[in-house]
Structures are given as structure tokens and as C-alpha cells.
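Q: Here's my sequence, what's the structure:
(one chain, ligands or ions: 4)
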Amino acid sequence: MTSYKNADLHCHSVVSDGTLTPELLAARAHANGVDLWALTDHDEVGGQARALAAAQALGMAYLSGVEISVTFAGTTVHIVGLGFDPTNPQMVQGLAATRGGRNERARDMAEQLAAVGIAGAYEGALRYVGNPELVSRTHFARFLVETGVCRDTSEVFRKYLIEGKPGYVPHRWASLGDAVRWITQAGGVAVIAHPARYKFTANEEFALFSEFQQHGGRGVEVVTGSHSASEAARYADLARELGLAASRGSDFHSPDESHTDLGKLPPLPADLTPAWDLVAAHIHPGR
Ligand code: AMP
Ligand code: MN
Ligand code: MN
Ligand code: MN
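A: Ligands and ions are numbered 1, 2, ... in the order given. As a prediction, the model looks like this:
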């Protein structure tokens with residue numbers, strides 16, 4: 001089995017809420033020494049063919065990817081899928097249904113923002129959208145930075161876009177079981193994304209991991225752009241305890257916004273099984 005020293009299996013293009021095209025991401029990953037790459041746009045596989053072609057042109061190994069929005073215990077959880085068939089009809093239909101409510105949600109967000117004095121946010125956010133089916137909070141955040149309401153996107157989230165703030169609109173995403181099944185029946189491995197980011201109690205987190213495994217989920221992101229060293233160590237321990245494979249990904253969105261660049265991550269602990277080993281047959285080899 002080929003061993004990959006610098007896998008980066010989590011990032012976003014203009015097909016969801018990133019600012020770079022799949023081709024520019026591939027070039028940036030390759031320039032940063034990534035030797036196994038996956039593009040994981042939110043709820044969307046429309047960039048997969050371009051990402052694969054760009055990776056192959058650079059001689060970089062590639063795995064298909066997606067990051068599915070899930071509602072679990074009243075909270076949004078993200079499930080990354082790797083190494084599945086991106087043309088699988090159940091997957092394609094499931095993702096289309098998951099994207100379905102985004103536009104209406106965006107209009108509701110704009111209405112709530114207008115009520116606190118921020119006009120034109122729907123049209124403003126749309127100017128940043130690369131995919132009309134995928135207007136996200138990130139696009140609103142970019143508009144609020146552009147118009148000088150906030151200094152940066154994290155301030156926008158803190159003041160306007162998280163639960164309890166004026167622009168937040170609750171939304172029901174896919175179920176955990178559906179997301180894991182779409183991925184696994186299409187031949188891929190399901191991975192819990194950035195587990196330290198969820199505000200779960202210990203009981204809720206235990207329920208997430210056990211239900212995820214019961215549905216057939218087999219991996220967890222241990223090393224990600226949004227984990228500190230101690231959070232990575234904590235989820236490495238949990239992976240050992242539960243027998244989960246480990247994944248690694250920057251969650252890169254934009255050169256201007258992301259703290260962690262493609263491929264600029266600590267290694268996975270050597271004793272863990274890399275998640276990509278579970279879909280080794282589905283890796284498109286590089287050179
Ligand atoms: P949505 O799917 O429309 O709810 O948007 C979720 C996206 O918002 C995530 O994928 C991140 O890219 C971004 N996001 C969430 N929380 C924050 C935050 N605190 N600061 C910056 N970006 C965030
Ligand atoms: Mn995002
Ligand atoms: Mn995420
Ligand atoms: Mn992400």
C-alpha cells in the first residue's frame with residue numbers, strides 16, 4: 001500500500017463556500033507538497049470532475065470528497081465522505097435534497113438582518129456565490145466584511161450568524177443515518193469532521209459517535225485546521241478507543257480567511273489507521 005505523508009482531505013472551492021476554483025486549489029495543494037488530495041465541498045459534488053482532472057494533470061493522487069451538513073441533537077454536524085462514486089444516484093439525489101432549503105434560508109437570514117439595520121444582504125451575499133444552489137453563511141459574512149459592518153468573517157459569525165444572533169436561521173439538514181448511508185453505499189468512507197467544534201455534552205458526543213458507528217461510519221478527523229494540538233490528541237485517543245480510522249485535512253476555504261493552508265498540518269499519529277487506507281482501491285493514483 002502506498003503511504004501518503006501529506007494527505008489533505010478537507011477543503012472548499014467556489015462550488016461551495018471557498019474562494020478558489022478546483023484548479024487553483026489543486027495547484028496550491030500540489031505546491032504545498034500535498035501527495036493525496038480531496039476536494040470536500042459542502043453538500044455538493046459538482047466540483048469533483050474538475051478537481052480530479054486538475055490533480056491528475058499535476059500527478060497528485062486524488063480521492064473524491066464531500067462534506068455533508070447533518071442535524072444531530074439539534075446541532076449541525078458535518079460528515080466528510082471520501083472515496084465514493086460521485087455519480088452515484090442516491091448520493092447525488094440526497095445532496096440535492098440537502099441543498100434544497102438553502103435559498104429560502106438565505107432570504108430569511110436577509111430579512112432578519114434587515115430588521116437590525118443591514119439592508120440588501122441577500123443580493124450582497126449572492127455576489128460572492130459561485131453556485132446558486134449553495135448560498136451559505138460564509139457568503140453573508142463576506143458581504144458584511146465588504147460593507148464594513150465587521151472587520152473579518154469570524155467577527156460576523158460571532159455577532160450575527162451563530163445561534164442567538166440576529167441573522168441566525170435554524171435549519172434542518174440531512175439525518176446522520178442518511179448521510180452515512182449515502183457515502184457508504186456509494187463505496188466511500190464516512191468521517192466525523194472537526195469533532196472538537198461541536199458544543200456537545202459528553203453524553204451527546206458519545207451518542208453521536210455510537211450512532212455514527214451503528215450507521216456504518218468508520219472515521220474521524222483527528223488532525224484538522226480547526227483542532228489545537230490537545231484537541232487532536234483527544235480525538236486520537238477516542239479513535240483508538242472506538243476503533244475508528246483517522247483523517248487529516250486543513251478545511252481550507254480562502255487565502256484571506258483560512259488560518260491553515262493546504263498541506264500545512266501536523267502528521268497523524270503513526271499508530272492510527274489512516275481513513276484513506278479504508279478506500280485505498282478508490283484512490284486515483286498520482287505519479
Ligand atoms: P452554512 O452551511 O451556510 O451554515 O455555513 C457553514 C460555514 O460557515 C462553515 O462551513 C464555515 O465555512 C463557516 N463558519 C462557521 N462558523 C464560522 C466561524 N465561527 N467563523 C468563520 N466561519 C465560520
Ligand atoms: Mn465552509
Ligand atoms: Mn465543516
Ligand atoms: Mn469544511
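
Q: Around ligand 4, which positions in the stretch 1-150 of the chain sit nearby?
A: Glu67 (CB under 5 Å from the ion). In this view, the C-beta of every residue, glycine as well, is placed from N, C-alpha and C.

Q: how about the strands of the stretch 1-150 of the chain, start to end?
A: 7-8, 36-37, 61-62, 65-72, 75-82 (DSSP state E, counting those that start in this stretch).

Q: Tell me how many other residues surround whichever residue of the stretch 1-150 of the chain sits closest to ligand 3.
A: Of all residues in the stretch 1-150 of the chain, His78 sits closest to ligand 3, at 3.7 Å by CB to the ion. Neighbour count of His78, defined by other CB atoms under 10 Å: 23.

Q: What score does it have for pLDDT?
A: Reading off the confidence values, His78 has pLDDT 98.

Q: next one: Leu262
A: On the pLDDT scale, Leu262 is placed at 98.

Q: Can you tell me how far the closest residue to Asp256 other than its chain neighbours is from His253?
A: Closest residue in space to Asp256, ignoring its immediate chain neighbours: Thr19 at 7.2 Å, by CB to CB, 6 or more residues apart in numbering. Separation of Thr19 from His253 (CB to CB, to the nearest Å): 7 Å.

Q: cool, Val129 as well?
A: 14 Å.

Q: got it, and Ser175?
A: Counting by CB to CB - Ser175 and His253 are separated by 26 Å.

Q: same question, Glu155
A: Relative to His253, and taking CB to CB, Glu155 is found at 16 Å.

Q: Now do the same contact list for the residue of the chain found nearest ligand 4.
A: Of all residues in the chain, the one sitting closest to ligand 4 is Asp251 (4.4 Å; CB to the ion). With contact taken as CB atoms under 8 Å, 6 or more residues apart in numbering, Asp251 is in contact with His10, Cys11, His12, Ala193, His194, Thr224, Gly225, Ser226, Ser258, Thr260.

Q: Find the nearest non-adjacent residue to it, please.
A: Closest residue to Asp251 apart from its sequence neighbours, by CB to CB, 6+ apart: Gly225 at 4.5 Å.

Q: Count the neighbours of that neighbour for me.
A: 22.

Q: same deal with Asp237?
A: Residues lying near Asp237 (other CB under 10 Å) number 12.

Q: Check which helix or strand it maps to.
A: For Asp237, the host element (DSSP states H and E) is helix 229-242.

Q: How far does the next helix or strand after that helix sit from its chain's centre?
A: The element immediately downstream of helix 229-242 (helix or strand, assigned by DSSP H and E) is strand 245-249. The chain centroid and the centroid of strand 245-249 are separated by 13 Å under CA atoms, centre = their mean, to the nearest Å.

Q: buried ones in strand 245-249?
A: Neighbour counts over strand 245-249 (16 or more other CB atoms under 10 Å) mark Ala245, Ala246, Ser247, Arg248, Gly249 as buried.

Q: Show me what the one helix or strand Val220 maps to is packed up against.
A: Using DSSP H and E, Val220 falls within strand 219-224. Under the contact definition 3 or more CB pairs under 8 Å, 6 or more residues apart in numbering; DSSP states H and E, strand 219-224 sits against strand 75-82, strand 189-192, helix 229-242, strand 245-249.

Q: closest to Asp41 out of these?
A: Distance to Asp41, taken as CB to CB, is lowest for strand 75-82 among the helices and strands packed on strand 219-224, at 10.8 Å.

Q: okay, Glu155 and His253: which has more neighbours?
A: Taking neighbours as other CB under 10 Å, Glu155 and His253 compare with His253 leading, 20 against 14.

Q: who's the most centrally placed residue in the chain bridged to?
A: Centroid check for the chain by CA atoms, centre = their mean gives Glu67 as the closest residue, at 4.0 Å. For Glu67, the beta-bridge partners under DSSP bridges are His42, Val80.

Q: Get me the contact residues on this structure for ligand 1.
A: Contact residues, the chain versus ligand 1 (CB under 6 Å from any ligand atom): Asp17, His42, Ser69, Ser136, Arg137, Thr138, Thr153, Ser154, Phe157, His253.

Q: What count of nearby residues applies to the nearest residue to the third one once chain neighbours are set aside?
A: Right, Ser69. Nearest residue to Ser69, sequence neighbours excluded (CB to CB, 6+ apart): Trp173, at 3.9 Å. Counted with other CB under 10 Å, residues neighbouring Trp173 total 23.
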